[in-house]
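**Student:** Fold the stuff below for me.
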Amino acid sequence: MARITKTVNIAELVTKHPESVPVLVESGFHCLGCAAASFETLEQGCEAHGLDADEIVRKINAAIGQDKKTAKPKAKK
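**Tutor:** Got it, this is the predicted structure:
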């Protein structure tokens, strides 16, 4: 999975990037195992919990190494 966006499915996100879980939990997103996580996007979940989706996306991308400032450049072929 490349950079995370607000349109990613929550269940897919936490399955493919378990390092995103601490970011979500620390932000107050405690329902990662609920039924809605299987069909909601990250943006929808953030809206439901009154969280800033852009900030959460930024933190998750940093945590998974996809932050533009911290990501390692790809090797040229």
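
**Student:** Correct me if wrong: Ile60 contacts Leu13.
**Tutor:** Yes. With contact defined as CB atoms under 8 Å, Ile60 counts as touching Leu13 (7.5 Å). Every residue, glycine included, has its C-beta placed from N, CA and C.

**Student:** Spit out the residues that contact these two alike.
**Tutor:** Shared contacts of Ile60 and Leu13, defined by CB atoms under 8 Å, 6 or more residues apart in numbering, are found at Ile4, Ser20, Leu42.

**Student:** Contacts only, for the first one.
**Tutor:** Shown here is Ile4, whose contacts under the criterion CB under 8 Å, 6+ apart are Leu13, His17, Ser20, Leu42, Val57, Ile60, Asn61, Ile64, Gln66.

**Student:** what about 7 Å?
**Tutor:** By CB atoms under 7 Å, 6 or more residues apart in numbering, the contact set of Ile4 is Leu13, Val57, Ile60, Asn61, Ile64, Gln66.

**Student:** from the residues you listed, which two are the most distant?
**Tutor:** By the measure CB to CB, the contacts of Ile4 have their two most distant members at Leu13 and Gln66, which lie 12.0 Å apart.

**Student:** Looking at those two, which one has more neighbours?
**Tutor:** Here Leu13 and Gln66 are compared on neighbour count by other CB atoms under 10 Å; more neighbours surround Leu13, at 22 against 16.
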